[in-house]
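# After the sequence you'll find the predicted model.
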Amino acid sequence: NHPFVLFNLGMTHSCAHQYQEAIDFLRRCIDVSSPEQSHVRKAYALLVHAQHRCNQHERAWQLCEAALKLFPDDRELLFRSAVLHHHFGRLKEAENTYLRLLDGPEEARHFTSIDMGIAGFKARNNLAAVYSEMGLWKEAETQWRQVLQENPGYKPAWQLLGNMLIQQGLDQETEVLVGRLKADSELRAVGSVISAKLSERRGAIAEARRELEAAVREPGNGNDPEALQELCRLLFVHGTPEETEPALRELLSKDSEDAATYHNLGTTYLRMGRRHDAKDAFRRSLELRPGFPLTALQFGEALKADGDVAQAIEVWKQSLRTSPDDPLLTAALRRTCSASTQDSCTEESD
């Protein structure tokens, strides 16, 4: 129960993307710590992030509010607060919080190991995404241009800037951006992704696929997953399951901890009629992203289709403990319980 040992265990699990384990240690850390200890604000920020990643959004928000009462100017907590505002669709509040974060004074010294980007280019990148959702295109573009001036190699900003240009139908500006990116060996794959998205919007699916396949095969892109991720998405939406499966498998060979890829693989297996493989993929996805509603829903439906109704109900109830307001899970559970005599259906309080 030593506070700093618990803190370091929580931080280590968080860095390893083992968020449920991180939650357990960070909660214990905060319980046995006093607010004036240097690690406490960082423990709160890590715990908010871990809860958010475990789909415990309401809990994360409540904790973040409580932490900001103790540390109202903490940059990492403000960043987490803005992310949660954005998640809940509170765009104006997200904008105001990001602006406060960007315009705020330097903090007094405390336990650091903070990602300095959260008070700079990462905050601006997220603010630009907020502006984009608000339809404030010029403001979004201004922020993305500032991000790229501060960090020219920040690929998410290039991708989002390209997406915004495509969304506005600015094809010529998009092609200019693609040309600039492809001229840079470090950003060529991002240029291919944006070019493929432009082709997809024009309805040229085969052309988009050729662009991405060439980018995946290009020497030097083996450790750069952007093109492969986009190829998987394109095949998932427009291709056959038989074409999609090997691409998803290749993506998992590069990142075996990607919960979203396991989810998409499970969905692909369902389309192929391979329920056993689908269940394994959904199970692994939920291990990496506990309680995620859509994965839990599909996993439960696959279990139910194989006659394992009790296990399906348990999967849904576990997910509803972290996402109690999810309408699809609630409807599936009620529908199944109304037609079932399973004992597990009697625990309505869950």
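Perfect, I can see it now. Numbering: from 1, shown residues only.
# which residues does Glu186 contact?
By C-beta atoms under 8 Å, 6 or more residues apart in numbering, the contact set of Glu186 is Gly153. From N, CA and C alone the C-beta is placed, and that goes for glycine too.
# In three-state terms, label it for me.
Of the three states, Glu186 takes coil under DSSP: H, G, I helix; E, B strand; the rest coil.
# Look up phi and psi at it.
Backbone torsions of Glu186, given as degrees, to the nearest 10, read phi -80, psi -20.
# Tell me how many other residues crowd Thr12.
As a burial measure, Thr12 scores 13 neighbours (other C-beta atoms under 10 Å).
# Now the host helix or strand of it: buried residues?
Assessed by DSSP states H and E, Thr12 sits inside helix 3-15. Buried residues in helix 3-15, counting neighbours by 16 or more other C-beta atoms under 10 Å, are found at Pro3, Leu6, Phe7, Leu9, Gly10, Met11, His13, Ser14.
# Give me the spatial nearest neighbour of Glu200, chain neighbours excluded.
Ala208 (4.5 Å; C-beta to C-beta, 6 or more residues apart in numbering).
# okay, that neighbour: pLDDT?
pLDDT, Ala208: 97.
# Pull the residues that contact the helix or strand where it lies.
Using DSSP H and E, Ala208 falls within helix 205-217. With C-beta under 8 Å, 6+ apart as the test, helix 205-217 has contacts from 188-189, 192-193, 195-197, 199-200, 221, 227-228, 230-231, 234-235, 238-239.
# circling back: helices or strands next to the helix holding Thr12 in the packing?
Applying 3 or more C-beta pairs under 8 Å, 6 or more residues apart in numbering; DSSP states H and E, we find helix 3-15 packed against helix 19-31, helix 40-53.
# what pLDDT, on average, does the longest one get?
When the per-residue pLDDT values of helix 40-53 are averaged, the result is 95.
# Which residues does it contact?
Contact with helix 40-53 is made by 7, 10-11, 14, 17, 19-20, 22-23, 26-27, 29-30, 33-34, 57, 59-60, 63-64, 67, 70-71, 74, 76-77, 80, 83-84, 87, 110-111, 113-114, 289, as judged by C-beta under 8 Å, 6+ apart.
# Kindly format the C-alpha coordinates of that helix as CSV.
Written as CSV, here are the backbone C-alpha positions of helix 40-53 (Å, rounded to 0.1, in the frame of the first residue of the first chain):
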residue,chain,number,x,y,z
VAL,A,40,-1.5,12.6,-7.1
ARG,A,41,-2.5,14.9,-9.9
LYS,A,42,-0.8,12.6,-12.4
ALA,A,43,-2.5,9.6,-10.8
TYR,A,44,-5.9,11.2,-11.4
ALA,A,45,-5.0,12.1,-15.0
LEU,A,46,-3.9,8.5,-15.7
LEU,A,47,-7.0,7.1,-14.0
VAL,A,48,-9.3,9.3,-16.1
HIS,A,49,-7.5,8.2,-19.2
ALA,A,50,-7.7,4.5,-18.3
GLN,A,51,-11.4,4.7,-17.5
HIS,A,52,-12.0,6.5,-20.8
ARG,A,53,-10.1,3.8,-22.7
